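Chemist: Quick check, what structure comes out for this input:
(one chain, ligands or ions: 1)
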Amino acid sequence: MACAYLGLDCKVYMVKVSYEQKPFRREVMRTYGADVTPSPSETTEVGRKILAEHPGTTGSLGCAISEAVEVATHTPGYRYVLGSVLNQVLLHQSVIGLETKAALDKYGIKPDMIIGCAGGGSNLGGLIAPFMGEKLRGENDYRIIAVEPASCPSFTRGVFAYDFCDTGMICPLAKMYTLGSSFIPSANHAGGLRFHGMSSTLSQLYHDGYMEAVSVEQTSVFEAAEQFARIEGILPAPESSHAIRVAIDEALKCKETGEEKTILFGLTGTGYFDLVAYQKFNDGEMSDYIPTDEELKKSIDALPKV
Ligand SMILES: Cc1ncc(COP(=O)(O)O)c(C=O)c1O
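Modeler: Prediction:
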(Lines give C-alpha, C1' and ligand atoms only; values in the text may rest on other atoms or scores of the structure.)
Protein backbone atom coordinates (compact mmCIF):
# COMPACT_ATOMS: atom_id res chain seq x y z
CA MET A 1 0.00 0.00 0.00
CA ALA A 2 1.12 3.51 -0.64
CA CYS A 3 -0.83 6.68 0.16
CA ALA A 4 -1.20 10.19 -1.09
CA TYR A 5 -2.99 12.33 1.46
CA LEU A 6 -4.31 15.80 2.19
CA GLY A 7 -5.31 16.00 5.84
CA LEU A 8 -8.02 13.39 6.32
CA ASP A 9 -8.56 13.05 2.58
CA CYS A 10 -6.44 10.02 1.80
CA LYS A 11 -6.00 8.18 -1.49
CA VAL A 12 -4.61 4.69 -1.04
CA TYR A 13 -3.08 2.65 -3.83
CA MET A 14 -3.34 -0.93 -2.64
CA VAL A 15 -1.51 -3.72 -4.48
CA LYS A 16 -4.25 -5.28 -6.64
CA VAL A 17 -3.69 -8.79 -5.38
CA SER A 18 -3.95 -7.55 -1.76
CA TYR A 19 -7.06 -5.52 -2.64
CA GLU A 20 -8.63 -8.81 -3.73
CA GLN A 21 -7.07 -11.13 -1.12
CA LYS A 22 -7.49 -8.78 1.85
CA PRO A 23 -11.00 -7.34 1.39
CA PHE A 24 -11.37 -6.63 5.11
CA ARG A 25 -8.21 -4.54 5.30
CA ARG A 26 -9.52 -2.60 2.31
CA GLU A 27 -12.92 -2.08 3.97
CA VAL A 28 -11.39 -0.89 7.25
CA MET A 29 -9.56 1.82 5.31
CA ARG A 30 -12.70 2.78 3.38
CA THR A 31 -14.67 2.92 6.64
CA TYR A 32 -12.21 5.48 7.98
CA GLY A 33 -12.68 7.54 4.82
CA ALA A 34 -9.86 6.47 2.51
CA ASP A 35 -10.41 6.21 -1.21
CA VAL A 36 -8.82 2.85 -2.07
CA THR A 37 -7.76 1.98 -5.63
CA PRO A 38 -6.31 -1.38 -6.71
CA SER A 39 -2.88 -0.85 -8.23
CA PRO A 40 -1.83 -0.78 -11.03
CA SER A 41 -4.84 1.20 -12.16
CA GLU A 42 -6.01 3.25 -15.12
CA THR A 43 -6.26 6.32 -12.87
CA THR A 44 -2.62 7.38 -13.30
CA GLU A 45 -0.27 7.77 -16.24
CA VAL A 46 2.29 5.46 -14.65
CA GLY A 47 -0.42 2.88 -13.85
CA ARG A 48 -1.53 2.84 -17.49
CA LYS A 49 2.09 2.44 -18.60
CA ILE A 50 2.66 -0.49 -16.20
CA LEU A 51 -0.57 -2.13 -17.36
CA ALA A 52 0.49 -1.78 -20.99
CA GLU A 53 3.87 -3.38 -20.21
CA HIS A 54 2.50 -6.09 -17.87
CA PRO A 55 -1.07 -6.79 -19.05
CA GLY A 56 -3.19 -8.46 -16.37
CA THR A 57 -0.55 -7.96 -13.66
CA THR A 58 -1.73 -8.30 -10.06
CA GLY A 59 0.66 -5.53 -9.01
CA SER A 60 3.40 -5.01 -6.49
CA LEU A 61 4.32 -2.49 -3.83
CA GLY A 62 6.60 -0.88 -6.43
CA CYS A 63 3.59 -0.19 -8.70
CA ALA A 64 1.50 1.23 -5.84
CA ILE A 65 4.35 3.56 -4.85
CA SER A 66 4.64 4.91 -8.42
CA GLU A 67 0.93 5.66 -8.60
CA ALA A 68 0.71 7.29 -5.15
CA VAL A 69 3.77 9.44 -5.88
CA GLU A 70 2.25 10.57 -9.19
CA VAL A 71 -1.02 11.56 -7.49
CA ALA A 72 0.78 13.32 -4.63
CA THR A 73 3.03 15.30 -6.96
CA HIS A 74 0.20 16.23 -9.37
CA THR A 75 -2.54 17.13 -6.88
CA PRO A 76 -2.19 20.49 -5.11
CA GLY A 77 -1.67 20.17 -1.36
CA TYR A 78 -1.25 16.40 -1.38
CA ARG A 79 1.67 14.64 0.29
CA TYR A 80 3.01 11.13 -0.18
CA VAL A 81 3.71 8.71 2.65
CA LEU A 82 5.40 5.34 2.47
CA GLY A 83 5.08 2.85 5.30
CA SER A 84 8.29 0.91 4.89
CA VAL A 85 11.82 0.77 3.38
CA LEU A 86 12.94 4.34 4.11
CA ASN A 87 15.13 5.30 7.05
CA GLN A 88 12.54 7.49 8.74
CA VAL A 89 10.14 4.53 8.80
CA LEU A 90 12.77 2.30 10.41
CA LEU A 91 13.43 5.05 12.94
CA HIS A 92 9.71 5.34 13.66
CA GLN A 93 9.44 1.57 14.11
CA SER A 94 12.43 1.49 16.47
CA VAL A 95 9.83 1.96 19.21
CA ILE A 96 9.18 -1.80 18.79
CA GLY A 97 12.80 -2.63 19.57
CA LEU A 98 13.09 -0.07 22.37
CA GLU A 99 10.01 -1.39 24.16
CA THR A 100 11.10 -5.00 23.62
CA LYS A 101 14.56 -4.27 25.00
CA ALA A 102 13.16 -2.40 28.02
CA ALA A 103 10.88 -5.37 28.81
CA LEU A 104 13.69 -7.93 28.39
CA ASP A 105 16.13 -5.85 30.46
CA LYS A 106 13.55 -5.56 33.23
CA TYR A 107 13.47 -9.35 33.54
CA GLY A 108 17.19 -9.86 32.87
CA ILE A 109 16.63 -11.72 29.60
CA LYS A 110 19.11 -11.54 26.75
CA PRO A 111 18.00 -13.01 23.42
CA ASP A 112 20.48 -15.22 21.59
CA MET A 113 18.74 -14.67 18.29
CA ILE A 114 16.31 -12.12 16.92
CA ILE A 115 14.08 -13.08 14.02
CA GLY A 116 11.80 -10.86 11.98
CA CYS A 117 9.96 -10.92 8.69
CA ALA A 118 11.31 -8.62 6.01
CA GLY A 119 9.27 -7.02 3.25
CA GLY A 120 10.76 -3.55 2.91
CA GLY A 121 12.52 -4.14 6.21
CA SER A 122 10.98 -1.52 8.48
CA ASN A 123 9.52 -3.75 11.20
CA LEU A 124 12.71 -5.79 11.37
CA GLY A 125 14.86 -2.65 11.33
CA GLY A 126 12.79 -1.25 14.20
CA LEU A 127 12.86 -4.46 16.21
CA ILE A 128 16.61 -4.93 15.95
CA ALA A 129 17.60 -1.25 16.28
CA PRO A 130 18.78 -1.19 19.93
CA PHE A 131 20.20 -4.72 19.72
CA MET A 132 22.10 -3.94 16.53
CA GLY A 133 23.43 -0.80 18.21
CA GLU A 134 24.94 -2.97 20.95
CA LYS A 135 26.28 -5.41 18.39
CA LEU A 136 27.93 -2.67 16.33
CA ARG A 137 29.51 -1.17 19.45
CA GLY A 138 30.81 -4.60 20.44
CA GLU A 139 28.80 -4.57 23.70
CA ASN A 140 26.74 -7.68 23.01
CA ASP A 141 26.34 -10.27 20.31
CA TYR A 142 23.07 -11.38 18.79
CA ARG A 143 22.26 -13.62 15.85
CA ILE A 144 19.84 -11.62 13.71
CA ILE A 145 17.79 -13.33 11.01
CA ALA A 146 15.62 -11.68 8.33
CA VAL A 147 12.93 -13.95 6.89
CA GLU A 148 11.55 -13.29 3.44
CA PRO A 149 9.21 -15.16 1.09
CA ALA A 150 10.80 -17.58 -1.36
CA SER A 151 8.61 -15.94 -4.02
CA CYS A 152 10.16 -12.49 -3.43
CA PRO A 153 13.70 -13.22 -2.21
CA SER A 154 15.43 -9.82 -2.36
CA PHE A 155 18.06 -10.53 0.32
CA THR A 156 18.80 -14.14 -0.56
CA ARG A 157 18.72 -13.98 -4.36
CA GLY A 158 18.91 -10.27 -5.16
CA VAL A 159 21.92 -8.10 -5.89
CA PHE A 160 23.31 -5.17 -3.85
CA ALA A 161 22.96 -2.31 -6.29
CA TYR A 162 21.39 1.07 -6.95
CA ASP A 163 17.79 0.64 -8.02
CA PHE A 164 14.48 2.45 -8.19
CA CYS A 165 12.18 2.00 -5.21
CA ASP A 166 9.18 1.85 -7.55
CA THR A 167 8.15 0.01 -10.69
CA GLY A 168 7.40 3.21 -12.65
CA MET A 169 10.99 4.38 -12.01
CA ILE A 170 9.93 7.84 -10.84
CA CYS A 171 11.39 7.70 -7.32
CA PRO A 172 15.03 8.34 -6.43
CA LEU A 173 17.54 5.49 -6.58
CA ALA A 174 18.55 3.65 -3.42
CA LYS A 175 21.42 1.24 -2.89
CA MET A 176 19.83 -1.93 -1.63
CA TYR A 177 19.44 -5.65 -2.14
CA THR A 178 17.02 -5.84 -5.03
CA LEU A 179 15.45 -8.18 -7.55
CA GLY A 180 15.05 -5.24 -9.93
CA SER A 181 12.17 -2.76 -9.86
CA SER A 182 10.41 -4.57 -12.72
CA PHE A 183 10.15 -7.78 -10.64
CA ILE A 184 6.55 -8.62 -9.76
CA PRO A 185 5.94 -11.59 -7.43
CA SER A 186 3.63 -14.34 -8.66
CA ALA A 187 -0.09 -13.76 -8.11
CA ASN A 188 -0.53 -16.89 -6.00
CA HIS A 189 1.64 -15.39 -3.27
CA ALA A 190 -0.63 -14.63 -0.32
CA GLY A 191 1.86 -13.88 2.44
CA GLY A 192 2.64 -10.19 1.78
CA LEU A 193 6.26 -8.93 1.87
CA ARG A 194 6.07 -8.22 -1.85
CA PHE A 195 8.63 -5.44 -2.25
CA HIS A 196 11.35 -6.00 -4.88
CA GLY A 197 14.02 -4.34 -2.74
CA MET A 198 15.03 -3.97 0.89
CA SER A 199 15.79 -1.10 3.25
CA SER A 200 19.20 0.41 2.46
CA THR A 201 20.21 0.30 6.11
CA LEU A 202 19.39 -3.39 6.49
CA SER A 203 20.97 -4.12 3.11
CA GLN A 204 24.27 -2.60 4.25
CA LEU A 205 24.15 -4.49 7.57
CA TYR A 206 23.46 -7.74 5.71
CA HIS A 207 26.17 -7.00 3.18
CA ASP A 208 28.67 -6.38 5.99
CA GLY A 209 27.76 -9.66 7.72
CA TYR A 210 25.93 -8.25 10.75
CA MET A 211 22.77 -10.20 9.98
CA GLU A 212 21.59 -13.29 8.11
CA ALA A 213 18.64 -13.87 5.81
CA VAL A 214 16.59 -16.92 4.88
CA SER A 215 13.66 -17.42 2.56
CA VAL A 216 10.67 -19.65 3.25
CA GLU A 217 7.81 -21.01 1.14
CA GLN A 218 4.30 -19.87 1.88
CA THR A 219 2.73 -23.26 2.62
CA SER A 220 5.32 -23.85 5.34
CA VAL A 221 4.62 -20.31 6.60
CA PHE A 222 0.91 -21.06 6.95
CA GLU A 223 1.71 -24.39 8.65
CA ALA A 224 3.67 -22.42 11.25
CA ALA A 225 0.85 -19.88 11.53
CA GLU A 226 -1.66 -22.66 12.19
CA GLN A 227 0.57 -24.31 14.80
CA PHE A 228 1.10 -20.94 16.51
CA ALA A 229 -2.63 -20.14 16.47
CA ARG A 230 -3.54 -23.49 18.00
CA ILE A 231 -0.90 -23.26 20.74
CA GLU A 232 -0.94 -19.55 21.56
CA GLY A 233 -4.52 -18.64 20.70
CA ILE A 234 -3.31 -15.76 18.54
CA LEU A 235 -4.08 -15.68 14.81
CA PRO A 236 -0.92 -14.21 13.27
CA ALA A 237 -0.62 -12.16 10.08
CA PRO A 238 0.92 -14.17 7.23
CA GLU A 239 3.79 -11.67 7.16
CA SER A 240 4.60 -12.27 10.84
CA SER A 241 4.26 -16.00 10.25
CA HIS A 242 7.46 -15.93 8.18
CA ALA A 243 9.29 -15.08 11.40
CA ILE A 244 7.27 -17.67 13.33
CA ARG A 245 8.30 -20.36 10.79
CA VAL A 246 11.98 -19.71 11.38
CA ALA A 247 11.56 -19.28 15.16
CA ILE A 248 9.94 -22.74 15.27
CA ASP A 249 12.68 -24.20 13.06
CA GLU A 250 15.40 -22.73 15.28
CA ALA A 251 13.63 -23.98 18.43
CA LEU A 252 13.41 -27.46 16.91
CA LYS A 253 17.16 -27.36 16.17
CA CYS A 254 17.75 -26.52 19.86
CA LYS A 255 15.56 -29.45 20.83
CA GLU A 256 17.73 -31.74 18.71
CA THR A 257 21.06 -30.45 19.96
CA GLY A 258 19.94 -29.94 23.55
CA GLU A 259 21.16 -26.32 23.50
CA GLU A 260 19.08 -23.74 25.35
CA LYS A 261 18.57 -20.53 23.45
CA THR A 262 16.37 -17.51 23.91
CA ILE A 263 14.65 -16.69 20.65
CA LEU A 264 13.00 -13.32 20.12
CA PHE A 265 10.76 -12.83 17.11
CA GLY A 266 8.54 -10.03 15.87
CA LEU A 267 4.80 -10.63 15.76
CA THR A 268 3.76 -7.76 13.53
CA GLY A 269 0.04 -8.11 13.10
CA THR A 270 -3.20 -9.96 13.17
CA GLY A 271 -4.34 -12.54 10.64
CA TYR A 272 -8.01 -11.51 10.81
CA PHE A 273 -7.61 -9.45 7.62
CA ASP A 274 -6.11 -12.43 5.82
CA LEU A 275 -8.77 -15.07 6.21
CA VAL A 276 -9.08 -15.50 2.45
CA ALA A 277 -5.48 -16.76 2.46
CA TYR A 278 -6.14 -18.92 5.54
CA GLN A 279 -9.20 -20.33 3.75
CA LYS A 280 -7.03 -21.27 0.74
CA PHE A 281 -4.56 -22.95 3.07
CA ASN A 282 -7.29 -24.80 4.98
CA ASP A 283 -8.88 -25.97 1.71
CA GLY A 284 -5.51 -27.29 0.46
CA GLU A 285 -5.57 -24.79 -2.41
CA MET A 286 -2.40 -22.92 -1.53
CA SER A 287 0.71 -23.56 -3.60
CA ASP A 288 4.29 -22.34 -3.57
CA TYR A 289 6.02 -20.50 -6.34
CA ILE A 290 9.74 -19.93 -6.48
CA PRO A 291 10.93 -17.71 -9.34
CA THR A 292 13.48 -19.30 -11.67
CA ASP A 293 16.98 -17.90 -12.13
CA GLU A 294 15.95 -16.83 -15.66
CA GLU A 295 12.98 -14.83 -14.32
CA LEU A 296 15.15 -13.07 -11.78
CA LYS A 297 17.90 -12.44 -14.33
CA LYS A 298 15.42 -10.58 -16.53
CA SER A 299 14.54 -8.00 -13.87
CA ILE A 300 18.08 -7.85 -12.46
CA ASP A 301 19.51 -7.24 -15.96
CA ALA A 302 17.14 -4.27 -16.28
CA LEU A 303 18.67 -2.48 -13.26
CA PRO A 304 19.75 1.11 -13.98
CA LYS A 305 23.39 1.31 -15.02
CA VAL A 306 25.00 3.52 -12.38
C1 LIG B 1 1.38 -7.43 9.21
C2 LIG B 1 2.63 -7.05 8.48
N3 LIG B 1 3.81 -7.38 9.02
C4 LIG B 1 4.97 -7.07 8.40
C5 LIG B 1 4.99 -6.40 7.21
C6 LIG B 1 6.32 -6.17 6.59
O7 LIG B 1 6.70 -4.92 6.45
P8 LIG B 1 8.19 -4.35 6.49
O9 LIG B 1 9.17 -5.43 6.24
O10 LIG B 1 8.18 -3.38 5.41
O11 LIG B 1 8.31 -3.74 7.80
C12 LIG B 1 3.79 -6.02 6.60
C13 LIG B 1 3.78 -5.33 5.31
O14 LIG B 1 2.80 -5.07 4.68
C15 LIG B 1 2.56 -6.36 7.24
O16 LIG B 1 1.38 -6.05 6.71
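
Chemist: show me the contacts for Tyr162.
Modeler: Contact analysis of Tyr162 by C-beta atoms under 8 Å, 6 or more residues apart in numbering lists Leu173, Ala174, Lys175, Leu303, Pro304, Val306. Any C-beta I mention is one placed from the backbone N, CA and C, and that applies to glycine too.

Chemist: For it, pull up the helix or strand it's in.
Modeler: strand 159-164 (DSSP states H and E).

Chemist: one step back: closest to Ala129 among the contacts of Tyr162?
Modeler: Comparing these against Ala129 with C-beta to C-beta places Ala174 closest, at 19.0 Å.

Chemist: so how far is the strand holding Tyr162 from its chain's centroid?
Modeler: Its chain's average C-alpha position is 17 Å from that of strand 159-164, according to C-alpha atoms, centre = their mean, to the nearest Å.

Chemist: And this protein, split by domain according to the record?
Modeler: Domain assignment for the chain by automatic domain parsing gives 2-81, 87-301.

Chemist: So what are the sheet partners of the strand holding Tyr162 and their directions?
Modeler: Using DSSP bridges, strand 159-164 pairs in its sheet with strand 173-178 (antiparallel).

Chemist: And the contacts of the strand it pairs with?
Modeler: Counting by C-beta under 8 Å, 6+ apart, 85, 154-155, 158-165, 196-200, 203-204, 206-207, 300, 303-304, 306 sit against strand 173-178.

Chemist: buried set for that strand?
Modeler: Going by neighbour count (16 or more other C-beta atoms under 10 Å), the buried part of strand 173-178 is Ala174, Met176, Tyr177, Thr178.

Chemist: Close to the ligand: what parts of the stretch 201-306 of the chain are there?
Modeler: Contacts of the stretch 201-306 of the chain with the ligand, taken as C-beta under 6 Å from any ligand atom, map to Ala237, Glu239, Ser240, Thr268, Gly269.

Chemist: Check which helices and strands the lowest-mean-pLDDT helix or strand in the chain sits against.
Modeler: Among the helical and strand segments of the chain, the one scoring lowest on mean pLDDT, DSSP states H and E is strand 2-6, with a mean of 70. If you count contacts as 3 or more C-beta pairs under 8 Å, 6 or more residues apart in numbering; DSSP states H and E, strand 2-6 packs onto strand 9-15, helix 61-74, strand 79-81.

Chemist: Of these, flag the one that's most buried.
Modeler: Stretch with highest mean neighbour count among the helices and strands packed on strand 2-6: helix 61-74 (a mean of 25; mean count of other C-beta atoms under 10 Å).

Chemist: Would you mind getting the angle between it and strand 159-164?
Modeler: Using axes from the mean of the first three to the mean of the last three C-alpha atoms, to 10 degrees, the inter-axis angle of helix 61-74 relative to strand 159-164 is 30 degrees.

Chemist: touching the ligand at all, helix 61-74?
Modeler: No: Helix 61-74 is not in contact with the ligand by C-beta under 6 Å from any ligand atom; minimum separation 7.9 Å.

Chemist: Which single one of the buried residues of strand 173-178 is nearest to Leu104?
Modeler: Lowest distance from Leu104 to the buried residues of strand 173-178 (C-beta to C-beta) belongs to Tyr177, with 28.6 Å.

Chemist: Starting from the ligand, give me the distance back to the closest one.
Modeler: From Tyr177 over to the ligand the distance is 13 Å, taken as C-beta to the nearest ligand atom, to the nearest Å.
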